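A.B. asks: Quick check, what structure comes out for this input:
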Amino acid sequence: MLHEKDAGHALREYRKGNRLTLSQLARTLSVSESYLSMLERGLRLPGRSLAVRIEEFSRIPPQLWGSTPTSQQAN
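C.D. replies: Numbers count the residues shown, from 1 in each chain. Take a look at the predicted model:
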């Protein structure tokens, strides 16, 4: 299983590969740019609902983030 930094790297690669800015993807996922940046750098884990939303857009399975909490304020 990939480490959350690897999942974050995959998310960044998805964003760049689709020529999306941090702002555009953050808006699409309904999170702040700073939170999305922390996800991409592996500094935060998404909550379960955000991990599912990420999968809808990027095809990065929620399981790749490792242990995602059942709820998290920044979802």
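A.B. asks: where does this structure dip in pLDDT?
C.D. replies: Applying pLDDT under 70 to the chain picks out residues 1-4, 67-75.
A.B. asks: Can you report how many residues neighbour the closest residue to L39 other than its chain neighbours?
C.D. replies: Once flanking residues are discounted, L39 sits nearest to G8: 5.4 Å by C-beta to C-beta, 6 or more residues apart in numbering. For the C-beta atoms, the positions are set from N, CA and C on the backbone; glycine is no exception. As a burial measure, G8 scores 25 neighbours (other C-beta atoms under 10 Å).
A.B. asks: Which of the helices or strands spans G8?
C.D. replies: helix 4-17 (DSSP states H and E).
A.B. asks: can you pull the contacts of the residue nearest to L39?
C.D. replies: Applying C-beta atoms under 8 Å, 6 or more residues apart in numbering to G8 gives the contacts 39-42.
A.B. asks: what's the spacing between the residue nearest to R41 when sequence neighbours are not counted and A51?
C.D. replies: Excluding the flanking residues, the one nearest R41 by C-beta to C-beta, 6+ apart is G8, at 5.9 Å. G8 sits 12 Å away from A51, going by C-beta to C-beta, to the nearest Å.
A.B. asks: which residues of this structure fall in helices?
C.D. replies: Listed in chain order, the helices of the chain (DSSP state H) span 4-17, 22-29, 33-40, 48-58.
A.B. asks: Out of the ones you listed, the one nearest G66 is which?
C.D. replies: Among those, helix 4-17 comes nearest to G66, with 5.1 Å by C-beta to C-beta.
A.B. asks: And the closest one, how far out from the chain middle?
C.D. replies: The chain centroid and the centroid of helix 4-17 are separated by 8 Å, computed with C-alpha atoms, centre = their mean, to the nearest Å.
A.B. asks: between that helix and helix 22-29, how many degrees?
C.D. replies: For helix 4-17 against helix 22-29, the angle by axes from the mean of the first three to the mean of the last three C-alpha atoms, to 10 degrees is 110 degrees.
A.B. asks: tell me which residues in helix 4-17 are buried?
C.D. replies: Residues 4, 7-8, 10-12, 14-15 are the ones in helix 4-17 that count as buried (16 or more other C-beta atoms under 10 Å).
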